[in-house]
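1. sharing a model that was predicted from the sequence below.
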Amino acid sequence: MKVKTKTRKSAAKRFKVTKNGKVLHRSQNFRHLRTAKGKRNLRRLKTIKTLTGRFASKVKKMMGLK
């Protein structure tokens, strides 16, 4: 009998897997103490980034994919 894999809810809240299999995440260090950070840095932190390599495959496994 095959056992279903459960998704890790902590990973599901932090990451998103696209249709093509890319893993997207938001940047850290953007929540508070923003006045001490530069404007250019804050603009860079706003963008959504992609995970690559071994960690991306681990996140996909946590989400119940692959």
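-> That came through, no problem. Numbers count the residues shown, from 1 in each chain.
2. make it CA atoms for all contacts and neighbour counts henceforth
-> Will do.
3. who are the packing partners of whichever strand or helix holds Lys58?
-> If you go by DSSP states H and E, Lys58 is part of helix 54-62. Packing partners of helix 54-62 (3 or more C-alpha pairs under 8 Å, 6 or more residues apart in numbering; DSSP states H and E): strand 23-25.
4. tell me the buried residues in the strand it packs on?
-> Of all the residues in strand 23-25, those buried under the rule 16 or more other C-alpha atoms under 10 Å are 23-24.
5. next secondary structure after it?
-> Past strand 23-25, the next helix or strand by DSSP H and E is helix 39-46.
6. what residues of that next one count as buried?
-> Buried, per 16+ other C-alpha under 10 Å, within helix 39-46: nothing.
7. what of stretch 23-39?
-> Residues of stretch 23-39 classed as buried by neighbour count (16+ other C-alpha under 10 Å): 23-24.
8. follow-up on the earlier one: let me know the average pLDDT across the helix holding Lys58.
-> Mean pLDDT, computed over helix 54-62, is 95.
9. likewise for stretch 26-41?
-> The pLDDT scores in stretch 26-41 average 96.
10. that's all I had, so thanks and see you.
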